[in-house]
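In: need a structure here:
(2 chains)
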2 protein chains.
Amino acid sequence: MPDIAADPTAPRVRGEYRKTARRREEIVDAALAVFSRVGYLNSSMSEIAKTVGLTVPGLTHHYPSKADLLAALFDRRDLDANQYVAGRSGLDILRGLVEIAQRDEEDAALTRMYAILAAEATDPAHPAHEYFKRRYAFILGHVEGAFTQVAAAGLLRPGMTPTEAARAYVAFSDGLQLQVLYDPQDVSQPTAVRRLLEGFLTTPL
Amino acid sequence: MPDIAADPTAPRVRGEYRKTARRREEIVDAALAVFSRVGYLNSSMSEIAKTVGLTVPGLTHHYPSKADLLAALFDRRDLDANQYVAGRSGLDILRGLVEIAQRDEEDAALTRMYAILAAEATDPAHPAHEYFKRRYAFILGHVEGAFTQVAAAGLLRPGMTPTEAARAYVAFSDGLQLQVLYDPQDVSQPTAVRRLLEGFLTTPL
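Out: Here you go, the predicted structure:
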């Protein structure tokens, strides 16, 4: 079996692959821009194709449906969020949540799309419903785990439970994004999240 | 000038008026049902007309546009919310907020519509954008006023400001609605709001 580097066609193939990967990234960016502007339900493949300078068949060659584009967007977002909490525990996960709030504040388009989709997808018939249901359960479980470690270290405020603290963080964080979108100057998202979390603790973060 | 009751045509006119008023309520109910299912942007006058058993001209006779229907829905909702806080002050307004959470929990369709609309309308071009911007400013101001009275009575937790407490309540409340919609069994909205508010106070509510 020939070594790949020795295959005279390989550089061209790898070049094509890189080009395709870049094209797919551009398409996912375009889908994000369109979903962020009009929501998922209200958007069309033809609008996404136009945004990225493709025909509809050119677009469906890469992503057969809107649902595929949505899945690609979610994959990208989840990979990114994981970086902030992977390999951390207890208080350090809570610090990761403050960093996520910083990221959300810096990326208003993505934040808007998530806010719209999370609301649209409360309908069980929505294509993203199961994704969000799982996502909420996952995040709540993960943050509850962090608060459980914090409680074991004696750093949770008396009367507060890890479950309640996790729910409050997720609710506050979702709602805060709306306030920031209506009045960007007025709220610092990471500061507000840090202050909320510190309210549940007997220690500064 | 004849007394209205002495006018022989009045009972019929009043009957017509009542009938029209009832019809208009039914139309607003239908708009609510459609907006709640698919969002405002994605809904059509023809779908709303069909839901209430009217033709499109029959519908536009009462409400010329979707924006008029939205305004009617908001008016109804605002009138209703006012009942919970009018004539109250300080801690008693905070108790009104717990009652509003109870109402929201009982009316999942309206809650869904508000969650979707509030997210959609973060786009400055959305017809409800100015409404929500004003609504957020009004609610934040009102709740901040309540917390200011609570602080003057020495009942606000040290280190917490009325502004921060008001923002946290509004954010938490918006986000909590999403959690309830994804997992209705698991969260009691009024209890969660009461617990959050009590976390900002040095007294039970």
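In: Hmm, residue A:144 is touching residue A:164, no?
Out: No. If you go by CB atoms under 8 Å, residue A:144 and residue A:164 don't touch, sitting 9.2 Å apart. Glycine gets a C-beta too; all of them are placed from N, C-alpha and C.
In: start to end distance for stretch A:46-57?
Out: By CA to CA, to the nearest Å, the extent of stretch A:46-57 from end to end equals 9 Å.
In: contacts for that stretch?
Out: By CB atoms under 8 Å, 6 or more residues apart in numbering or on different chains, the surrounding residues in contact with stretch A:46-57 are A:26-27, A:29-31, A:33-34, A:45, A:58-59, A:66, A:69.
In: For those, give me JSON lines that also has pLDDT and distance to residue B:122.
Out: Formatted as JSON lines, the contacts of stretch A:46-57 follow (pLDDT from 0 to 100; distance: CB to CB, whole Å):
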{"residue": "A:26", "pLDDT": "95", "distance to residue B:122": "25"}
{"residue": "A:27", "pLDDT": "96", "distance to residue B:122": "24"}
{"residue": "A:29", "pLDDT": "93", "distance to residue B:122": "20"}
{"residue": "A:30", "pLDDT": "95", "distance to residue B:122": "20"}
{"residue": "A:31", "pLDDT": "94", "distance to residue B:122": "18"}
{"residue": "A:33", "pLDDT": "88", "distance to residue B:122": "15"}
{"residue": "A:34", "pLDDT": "90", "distance to residue B:122": "15"}
{"residue": "A:45", "pLDDT": "96", "distance to residue B:122": "24"}
{"residue": "A:58", "pLDDT": "95", "distance to residue B:122": "31"}
{"residue": "A:59", "pLDDT": "96", "distance to residue B:122": "27"}
{"residue": "A:66", "pLDDT": "90", "distance to residue B:122": "21"}
{"residue": "A:69", "pLDDT": "93", "distance to residue B:122": "21"}
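In: possible to save those as a markdown table with distance to residue B:113?
Out: Below are the contacts of stretch A:46-57 laid out as a markdown table (distance: CB to CB, whole Å):
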| residue | distance to residue B:113 |
| --- | --- |
| A:26 | 35 |
| A:27 | 32 |
| A:29 | 30 |
| A:30 | 29 |
| A:31 | 25 |
| A:33 | 26 |
| A:34 | 23 |
| A:45 | 27 |
| A:58 | 37 |
| A:59 | 32 |
| A:66 | 23 |
| A:69 | 26 |
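In: Scan the residues you listed and report the most crowded one.
Out: Neighbour tally across the contacts of stretch A:46-57 (other CB atoms under 10 Å in any protein chain shown): the maximum, 26 neighbours, falls on residue A:31.
In: show me what contacts that one?
Out: Counting by CB under 8 Å, 6+ apart, residue A:31 has contacts A:43, A:48, A:63, A:66, A:69-70, A:72-73.
In: what do you get if the cut-off is 7 Å, keeping everything else the same?
Out: Residue A:31 sits next to A:48, A:69, A:73 when contact means CB atoms under 7 Å, 6 or more residues apart in numbering or on different chains.
In: can you give me the helices for chain A?
Out: A:10-38, A:45-51, A:56-62, A:66-85, A:91-106, A:108-120, A:129-152, A:162-182, A:189-199 (DSSP state H).
In: Which of the ones you listed has the lowest mean pLDDT?
Out: Ranked by mean pLDDT, those end with helix A:108-120 at the bottom, a mean of 79.
In: From the rest of the structure, what touches that one?
Out: With CB under 7 Å, 6+ apart, helix A:108-120 has contacts from A:32-33, A:35-36, A:39-41, A:104, A:126, A:128, A:132, A:174, A:177-178, A:181, B:39, B:115-116, B:119-120, B:122, B:178.
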